[in-house]
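A.B. asks: Everything below, folded, please.
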Amino acid sequence: MAIERASLVLESLSALNEAVQDTLETLTYKEALPVDAASIASLRAPYYITTVAVNRPYTGVIRLKIGRDLAIGLVGSMLGSPQPIEEAWVHDGLSELVNTIGGRILAHLVDAYSSFDLGIPETLFVEKEAGPAEGVLIRQIYAVDESSIELELEFKKARAA
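C.D. replies: Numbering: from 1, shown residues only. Now for the predicted structure:
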């Protein structure tokens with residue numbers, strides 16, 4: 001079990017980095033660079049948190065945490081920078097980001113003959129600090145412009161394809 005988990009972590013981290021970097025560059029024209037979590041402070045409230053359930057081939061969650069200013073900037077880039085950015089657009093844009101990232105991660109983790117299943121993304125604005133998530137397999141921080149985003153994978157167990 002420990003070997004299977006370690007293998008999943010390594011494989012997932014590689015897929016995660018590629019998915020985040022490709023998605024942000026393609027959809028927002030921004031570069032995302034992985035950084036050592038010890039070298040940067042954890043994101044503090046207020047921020048947006050967008051989650052999407054992973055139903056197959058693993059059960060779990062993909063979670064994106066992003067500060068308000070960066071979220072508005074990224075969504076503005078996605079939309080061609082209309083001003084002002086409406087709150088509903090931020091929610092929709094972040095949901096699209098996490099859905100695309102999740103799809104790219106899972107496409108790397110399944111073979112060509114298997115499928116994966118994601119739920120519907122949900123975005124919330126968090127004003128107060130919440131406790132740390134339990135069961136996180138991977139937590140990766142990315143530097144984007146002068147800010148950062150955090151992405152967490154929480155896979156519980158494999159399911160049959």
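A.B. asks: What is the longest strand along the chain packed up against?
C.D. replies: Under DSSP state E, the strand in the chain containing the largest number of residues is strand 147-158. If you count contacts as 3 or more CB pairs under 8 Å, 6 or more residues apart in numbering; DSSP states H and E, strand 147-158 packs onto helix 2-28, strand 58-67, helix 68-79, strand 138-144. (Glycine included, C-beta is placed from N, CA and C.)
A.B. asks: contacting residues around residue 32?
C.D. replies: Contact analysis of residue 32 by CB atoms under 8 Å, 6 or more residues apart in numbering lists 20, 21, 24, 25, 142, 143, 144, 149.
A.B. asks: try it again with 7 Å
C.D. replies: 20, 21, 24, 142, 144 (CB atoms under 7 Å, 6 or more residues apart in numbering).
A.B. asks: Show residues contacting stretch 20-28.
C.D. replies: Residues from elsewhere that reach stretch 20-28, judged by CB under 7 Å, 6+ apart: 30-32, 74, 77-78, 97, 100-101, 104, 142, 144, 151.
A.B. asks: Of all the residues in stretch 52-61, which ones are buried?
C.D. replies: For stretch 52-61, a neighbour-count test (16 or more other CB atoms under 10 Å) marks 52, 53, 54, 56, 57, 58, 60, 61 as buried.
A.B. asks: Looking at the residues you listed, spot the one nearest residue 44.
C.D. replies: Within these, the smallest distance to residue 44 is 21.1 Å, found for residue 61 (CB to CB).
A.B. asks: My understanding was that the closest one contacts residue 154; is that so?
C.D. replies: Yes. If you go by CB atoms under 7 Å, residue 61 and residue 154 touch, sitting 4.6 Å apart.
A.B. asks: returning to what we had before: between the buried residues of stretch 52-61, which is nearest residue 113?
C.D. replies: Of all those, residue 113 sits closest to residue 57, with 11.7 Å by CB to CB.
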